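Undergrad: Following is a predicted model, sequence given first.
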Amino acid sequence: MRILGCLSVILGLTGGAGAALAEPHRQHAPHEHGHGTLNLAIDGKKMVLHLTAPSQDIVGFEHAATTQSQREAVHHARAVLSSPAELFTLPAAAECVFQQQSISIGNDPDAMSDEAAHHDDHDADHHGDHKADHEEDHDADHHEAHHKTHDEEHHDAHHEDDDHAGHPGSEAGDHMHAEEEHHDSQEHHEAHDHHEGEGAVHSEVEAEYQLTCETPDGLREIGFPYFKRFPNAEELTITAIGPMGQIGGEVSKDNPLFKLR
């Protein structure tokens, strides 16, 4: 379907040239609380809206939901996102109907569990594919070691006795060296954990909506009650492509209307 190609163009443009469509508006950091993006594509009677926003704007926090109240906040956010007609208002003359939707909440613990399970299944399959080869290599190595000649074993044992005899303090030195390595390793892990603790946790919400508009010529503007439903949201940068060409701009709490034509 051509509209998917249009949306792919937008997603590619928003990382470079598409960002310039919104000039002279200020540029935003890739992840900025209060600021999200909306990519929009129109092709004939088909229309796609792709929303991306920090979880802070939609859920109220960005870390994984762990308490009951946090889980309820995630479920509430999903329920609101599932009613796109309450987030975006389209002209009645366009006769638009929301047909399909896809919602992803980055700090939803249920979604995170499903992703982790999928990852574990993939690792298990990958491990199973190589298990037989590993066992075969191990048996071959063991067989070769087992057939080491008696003279070689005797030589190795004799050499080891000479080393211990010539270095009476070697065992103590090895023990001290092992303790130093353990101490250094422990300090490294503690420093790493401390550094990770200082880092901010980021997660995002993505929602995609597909619509059918019986009279696409009536698509002249989009209103954004989105800002009333999500009080933490402050701005959306919009990039659109369709019969009107490529356009861009921003909407906000104070100016929640975007002109398409």
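TA: Sure, I can see it.
Undergrad: Tell me which strands the strand or helix carrying residue 239 pairs with, and in which orientation.
TA: For residue 239, the element it lies in under DSSP states H and E is strand 235-242. Using DSSP bridges, strand 235-242 pairs in its sheet with strand 35-43 (parallel), strand 245-252 (antiparallel).
Undergrad: then the longest one to CSV, C-alphas only?
TA: Read it as strand 35-43. Provided in CSV are the C-alpha atoms of strand 35-43 (Å, rounded to 0.1, in the frame of the first residue of the first chain):
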residue,chain,number,x,y,z
HIS,A,35,7.7,17.2,23.7
GLY,A,36,6.6,14.5,21.3
THR,A,37,6.2,14.0,17.6
LEU,A,38,3.4,13.2,15.2
ASN,A,39,4.1,11.9,11.7
LEU,A,40,1.1,12.0,9.4
ALA,A,41,0.6,10.5,5.9
ILE,A,42,-2.4,10.9,3.6
ASP,A,43,-2.8,8.7,0.5
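Undergrad: what does the helix or strand that contains residue 57 contact?
TA: Taking DSSP H and E as the definition, residue 57 sits inside helix 55-58. With contact meaning CB atoms under 8 Å, 6 or more residues apart in numbering, helix 55-58 is reached by 33-36, 61-62, 77, 81, 105-107, 203-205, 230, 232-234. All C-beta atoms are positioned from the backbone trio N, CA, C, and that covers glycine.
Undergrad: ditto for stretch 87-101
TA: Applying CB under 8 Å, 6+ apart, the contact partners of stretch 87-101 are 47, 49, 80-82, 84-85, 207-226, 229.
Undergrad: Where does the residue nearest to residue 105 when sequence neighbours are not counted fall, secondary structure wise?
TA: Counting by CB to CB, 6 or more residues apart in numbering, residue 205 is the residue found nearest to residue 105 once chain neighbours are left out, at 5.2 Å. Using DSSP H and E, residue 205 maps to strand 204-213.
Undergrad: Can you give me the buried ones in whatever helix or strand comes next after that strand?
TA: Once strand 204-213 ends, the next helix or strand along the chain (criterion: DSSP H and E) is strand 221-223. Neighbour-count burial for strand 221-223, with 16 or more other CB atoms under 10 Å as criterion, is recorded at residue 222.
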